[in-house]
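Chemist: Based on what follows, work out the 3D shape:
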Amino acid sequence: MANYATSVLAKGQAVVTAKNNAPEQRRKMPTVLELALKNQEISIPNASELRASELRPVDIYYHKDVAAGATTAKAHNHTGSYGDSGKIELTYVTHVEKIQLPRKIAQNNVVTYQNMFNNLYEMKWKNLRTRHDTTALAFLYANRCQLSAGAVNAEIASANPGTWEDTSYSLFIDADRRSVFAQKIKSFMMARKFLPEYDIVADLQQADAFEYAMNQASGNAVNTSFQFNGLNISRTQDVVSSTYTNGAVLIMPAGALSAMPWNDPLNRSGVNSGENEVGMLGTVSDPFGSGSVADISMYTQRADTSANTTGGSTQDIVDEWEIALTIAYALPPLSAAGDSVVHLVGQGS
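Modeler: The predicted structure follows:
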């Protein structure tokens, strides 16, 4: 039954501790989101100020690469070529969670109004973090390198890390190279001229393989720790690629993925009209410490909640809350069509 109906004061009751309630309210670890939030200041320093409203797009400009020349002799009229710039538009993603809490529902309930709100507020933030983590991983996957096999395999020939495949836009590493998977993905990135260090998002299978390899030094005196120098590994509980049933990773230069929260200017300045249908607008920080800040809206209205026969009333006051977390995800721009700093790598069976 909904709306706390099972916990009305009909008999002797108690409420479990937060520790014992944790299994019911468990969520995945938002590791990809937290990786991205670490880099929000080093990517585009004033993006939040540039977006003055939800209707205003934000364009980010960058200097395009300048190709090497082929000239070998001096000239008196050595005319050069102009440089060029490119641009990308930031895409903002908003996830919203709502709380509706009738005040009279707590009058006859073993759970107090404040406890109800505290629990709902915590759960809504967990939901926001989970949803944005899923969004961040999907952003990485959708924006991975999608160059042709002919172009990539020619570029990485000196490293010979595996085979770049067109169908999945990924590097395939044979099973017999499983023990040097970490080294091969580093040499792959070096061959593509992305210098160390690297951020890695690994699914649970490949993260387990990394953990096993990292601990072999103490187990059999074979020192494998050098393989992981310069690798920052984040373990995700999601599937990185359904193509690779033996594990997969997304690898990119360290600090490449950036998440930039944005807040509506009116929420940033704050509005408080009291407990009425206008209510308040403001901002709230992630209580779990990620550093992200969400917009919050709250208003109060009269309502008939008698449909909830165990705890409602024909004359009730309902508080309506909305928490909206808006984040723009960004990667360093590359001008070549289909190219990206993010690469999918899969382990063969």
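
Chemist: distance of residue 135 from residue 93?
Modeler: Look at residue 135 and residue 93: by C-beta to C-beta, to the nearest Å, they are 5 Å apart. Where C-beta positions appear, they are placed from N, C-alpha and C, glycine not excepted.

Chemist: neighbour-wise, which of these two wins?
Modeler: residue 135 (19 against 16; other C-beta atoms under 10 Å).

Chemist: tell me which element that one is part of?
Modeler: helix 113-142 (DSSP states H and E).

Chemist: Could you give me the buried positions within that helix?
Modeler: 113, 116, 120-121, 124-137, 139-141 (16 or more other C-beta atoms under 10 Å).

Chemist: Which strands or helices does it pack on?
Modeler: Applying 3 or more C-beta pairs under 8 Å, 6 or more residues apart in numbering; DSSP states H and E, we find helix 113-142 packed against helix 31-37, strand 91-102, strand 248-253, strand 316-330.

Chemist: Make JSON lines out of the ones you listed and add distance to residue 172 and mean pLDDT.
Modeler: Formatted as JSON lines, these follow (distance: least, C-beta to C-beta, whole Å; pLDDT from 0 to 100):
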{"stretch": "helix 31-37", "distance to residue 172": "23", "mean pLDDT": "90"}
{"stretch": "strand 91-102", "distance to residue 172": "30", "mean pLDDT": "91"}
{"stretch": "strand 248-253", "distance to residue 172": "10", "mean pLDDT": "96"}
{"stretch": "strand 316-330", "distance to residue 172": "27", "mean pLDDT": "91"}
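
Chemist: Nearest to residue 285 among the ones you listed would be which one?
Modeler: strand 316-330 (10.8 Å; C-beta to C-beta).

Chemist: in its sheet, what does that closest one sit against?
Modeler: Using DSSP bridges, the strands paired with strand 316-330 are strand 91-102 (antiparallel), strand 258-262 (antiparallel), strand 293-303 (antiparallel).

Chemist: Select, out of these, the one closest to residue 270.
Modeler: Nearest of the strands paired with strand 316-330 (C-beta to C-beta): strand 293-303, 10.2 Å.

Chemist: follow-up on the earlier one: please identify every residue contacting each of residue 135 and residue 93.
Modeler: 327, 329 (C-beta atoms under 8 Å, 6 or more residues apart in numbering).
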